[in-house]
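1. next come a sequence and a model predicted from it.
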Amino acid sequence: GGLSNLIADQQSRLEIGAGGRLLQFAAASFDAAVWEAALALSSGACLVLARADERSGEPLLRLLRERRVTHTLLPPAVLPTLRPEGLALECLVVARRGLPRRRHRRMDPALPRPRRLWADRGVGLPRR
């Protein structure tokens with residue numbers, strides 16, 4: 001079906017599997033929460049839950065660092081609140097069409113090799 005095909009495709013594209021740690025950033029009332037949970041659970045990754053007070057700034061950074069999150073989907077409004085140094089992120093998915101170049105330049109160097117920064121609803125930016 002539709003969800004299982006989407007998740008299988010995203011597992012491959014985002015290279016998430018056992019050992020991955022995916023942040024559930026979206027509130028349960030948003031469709032993205034289903035994507036996050038299904039992706040983590042079907043790939044064998046750990047689903048890291050964010051409380052409402054951990055969705056931006058220092059609390060989000062602390063959560064990302066302490067829980068060693070490797071994969072996350074974030075809205076572009078959150079990116080300016082992050083200092084990406086020292087994160088374990090392997091893949092950052094930005095939930096919007098088109099990621100402003102200045103934000104791409106800011107986040108990309110913080111991602112370890114292989115770097116994966118995705119935007120445009122799953123259409124990836126080229127790997128470096």
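-> Received it, and whenever you're ready, just let me know what you need. As the structure is a prediction and not an experimental result, all values here were calculated from the model.
2. find the centremost residue of the protein, please.
-> Among the residues of the chain, the one closest to the centroid is residue 72, at 1.6 Å (C-alpha atoms, centre = their mean).
3. give me the number of neighbouring residues for residue 84.
-> Here the count is done by other C-beta atoms under 10 Å, and residue 84 has 16 residues near it. Bear in mind the C-beta positions are built from the backbone N, C-alpha and C, glycine included.
4. how about it, secondary structure?
-> Secondary structure for residue 84, judged by DSSP: H, G, I helix; E, B strand; the rest coil, is coil.
5. quick one: the residue nearest to the centre of the chain and residue 21 touch, right?
-> No - with contacts counted by C-beta atoms under 8 Å, residue 72 stays clear of residue 21, the gap being 9.1 Å.
6. residue 54 reaches residue 63, doesn't it?
-> Yes - proximity of residue 54 to residue 63 meets the contact threshold set by C-beta under 8 Å, at 4.7 Å.
7. which strand or helix spans the residue nearest to the centre of the chain?
-> Element membership for residue 72, per DSSP states H and E: strand 71-74.
8. elements contacting that strand?
-> Judged by 3 or more C-beta pairs under 8 Å, 6 or more residues apart in numbering; DSSP states H and E, strand 71-74 is in contact with strand 21-24, helix 31-43, strand 91-94.
9. which one of the ones you listed is the most hemmed in?
-> Greatest average neighbour count among those goes to strand 91-94 (a mean of 24), per mean count of other C-beta atoms under 10 Å.
10. dump it to CSV, keeping only the CA atoms.
-> Below are the C-alpha coordinates for strand 91-94, written out as CSV (Å, rounded to 0.1, in the frame of the first residue of the first chain):
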residue,chain,number,x,y,z
CYS,A,91,20.4,13.3,7.8
LEU,A,92,18.3,16.4,8.1
VAL,A,93,15.1,16.7,6.3
VAL,A,94,13.7,20.2,6.0
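11. perfect, I'm done here.
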